[in-house]
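> Mind folding the following:
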Amino acid sequence: MMVIESFFLQLVFILFFARVFGEIAARFDIPSVIGELVAGVILGPSLLGWISSTETIKALAEIGIILLLFEVGLETEITRLAKTGFKSFLVAIVGVLAPFILGFTLSYYFFELSGIVSLFIACTLTATSIGITIRVLNDLKLQKSEEAQIVLGAAVIDDIIGIILLSLLYEFATSGGIKLLNLGKLTLFIFLFLIIAPIAAKSISYFIKKYEKKSVIPGLLPSIIVSLLLFFAWLAHLSGAPELLGGFAAGLALSRQFFLPFGASLKLDPDFSKKVEHQMRPIIHLFTPIFFVTVGLSLNLRQVDWHSSYIWILSLSLLLVGIIGKLSSGFILPKTSPWIKWAVGIAMVPRGEVGLIFAEVGKNSKVLNDEVYAAVLIVIALTTIFTPFALKWFYLKKNKTVRE
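Got it, this is the predicted structure:
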C-alpha cells in the first residue's frame, strides 16, 4: 500500500513538472500536451523512475480525462456534431478497418505471428486517443472547427468499437471462444447509456439551477457537477462503455446548444451554461494534466531492447501501417476539402492511453511476449508524440498557403 506522504510528494512532482514542461512547450509554440507527456516520461520508469503509474494515480488520471471530455461536451455545438454524424461514422469505420486489416496482414503473413497475437496487434492499431487529439485541437484554438467535430464524433464511435473489440479479444484469449449473447448485451447497454444519459443530465441540471440560488454555502454548483460526472462515469462503466463517455454525455447535455426532445420547459439559459463552464474550468485545468503525465508514466521505454533489429523492423512496419490506416480515414470523406481530409486523418493517428489499454491486456493475458509488447509500445509512443507536431506543422503550412 502506498504511504500517504509518498503519494503527496508524487502528486507535487506530477503537477509541478506538468506545469513547467507545459509552459516550456507553449513558449516554443508547441502544444502544451507534448510538455506534459514528456514530464511523464522523465518522471516515470523510462528515465528518472521517481514515480510509477499506481492505481491511485491512474484514478486521478481517469478523473482528468472525464473532466476533459466534459469540457469538450460543454463546448460542442450539437447541431454541428449532428451535421458531421455521417462523416464521423465513415471516418470511424475506415479508421478501425484499415489499420486492423493492414496490422493483421503484416503481423500474420509477413512476421508469421500467431492468429491471436496478430489480432491483439491489429486491435491496438485501431485505437484513437480522443484525449490527445482534442487537447491538441484545443491548444490550436480549433475545437469548434469542422474537422474537430468530425474527429470528435469519430473518436467517440472509435472508443465504442474499441471497447467491444477489447471485450471480445479478452474473452477469446481467456476462454478460447466468444459468446454472441455477451456481445449483444454489451452493445445494447452502451447505446442505451448514450441515449438516456444526456436526457438524465439535462433533467438533473434543472434542479441544480433551481437550488443553487437557494444554497447558503458556496460551491454547490461545482460539487454537484463533479458528483454528476463521476456518477455518469460509473454508469458508463456499468453499461460496458468507456468511463470518459459519461463526462462527454453530461457536458453535451449542459451545453448551450443542447435541447430535450420532450419540450422546452427544461431548457437552460445560456448564462447558466456559462456559469457551469466558468466554475468548472479551474478543476478541469487541475486534473487534466495529471492524465497526460500518466500517459507518459505508463511508457516504460527501458523495456525496449534498442539493439534488437527484430523489434525495430516490427515496430517501424506497424508504425507505418498504423499511420497509413488512420490517414486513410480522412480521405474517405465525400465532398470535403483536401485540407480537412488531411487534418482529420492526422488527428486520428495517436493511440495514447487507449492503445496502452490494449497492449496491457495483451501482456497480462500472456498473449504478447516481451519483444512484441516492446514493439507495440514503440508504436503507441511514436504515434502519440507524432500527432501534436504533425498537426502544428500542418496548420502552419495551411495558413501560409491560404495567405499566399
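
> Can you list phi and psi of residue 128 for me?
Dihedral pair for residue 128: phi -130, psi 130, per degrees, to the nearest 10.

> Distance-wise, check it relative to residue 158.
Residue 128 is 5 Å from residue 158, where distance means Cβ to Cβ, to the nearest Å. Just so you know, the C-beta spots here come from the backbone N, C-alpha and C atoms, and that holds for glycine as well.

> Neighbour count for these two, which is higher?
Ranked by neighbour count (other Cβ atoms under 10 Å), residue 128 and residue 158 place residue 128 first, with 33 against 26.

> Is that one in contact with residue 351, as I believe?
Yes: counting by Cβ atoms under 8 Å, residue 351 is a contact partner of residue 128 at 7.3 Å.

> Beyond the lowest-mean-pLDDT helix or strand in the chain, next helix or strand please.
The weakest-scoring helix or strand in the chain, judged by mean pLDDT, DSSP states H and E, is helix 78-83 (a mean of 63). The helix or strand immediately downstream of helix 78-83 is helix 85-105, counting by DSSP states H and E.

> roughly how far is that next one from the heart of the chain?
In terms of Cα atoms, centre = their mean, to the nearest Å, the centre of helix 85-105 is found 16 Å from the chain centre.

> helices and strands around the helix or strand following that helix, which ones?
For helix 85-105, the succeeding helix or strand toward the C-terminus, using DSSP H and E, is helix 115-126. The contact analysis (3 or more Cβ pairs under 8 Å, 6 or more residues apart in numbering; DSSP states H and E) places helix 115-126 against helix 85-105, helix 146-175, helix 309-331, helix 352-364, helix 370-403.

> list the buried ones in helix 115-126?
The neighbour-count check on helix 115-126 (16 or more other Cβ atoms under 10 Å) flags 116-126 as buried.

> swap in stretch 19-29?
Buried, per 16+ other Cβ under 10 Å, within stretch 19-29: 21-22, 25.

> got a list of contacts for that stretch?
For stretch 19-29, contacts defined as Cβ atoms under 8 Å, 6 or more residues apart in numbering pick out 31-36, 38-39, 42, 139, 289, 392.

> For residue 7, which three-state class applies?
helix (DSSP: H, G, I helix; E, B strand; the rest coil).

> So for it, what's the nearest residue that isn't a sequence neighbour?
Spatial nearest neighbour of residue 7, excluding adjacent residues (Cβ to Cβ, 6 or more residues apart in numbering): residue 56 at 6.1 Å.

> from the middle of its chain, how far away would the host helix or strand of the one you found be?
Under the criterion of DSSP H and E, residue 56 resides in helix 55-75. Between the centre of helix 55-75 and the centre of its host chain there is 10 Å, according to Cα atoms, centre = their mean.

> ditto for stretch 329-342
Taking mean C-alpha positions (Cα atoms, centre = their mean), stretch 329-342 and its chain are 22 Å apart.

> Now do the buried residues in that stretch.
Within stretch 329-342, the residues that count as buried by 16+ other Cβ under 10 Å are 329-330, 332-333, 336, 339-342.

> Contacts for it next, please.
So stretch 329-342 is contacted by 87, 90-92, 94-95, 98, 146-147, 150, 154, 327, 343-346, 348, 394, 398 (Cβ under 8 Å, 6+ apart).

> again, only using 10 Å
Contact with stretch 329-342 is made by 84, 86-88, 90-99, 128, 145-147, 150-151, 154, 158, 327-328, 343-349, 390-391, 394-395, 397-398, 401-402, as judged by Cβ atoms under 10 Å, 6 or more residues apart in numbering.
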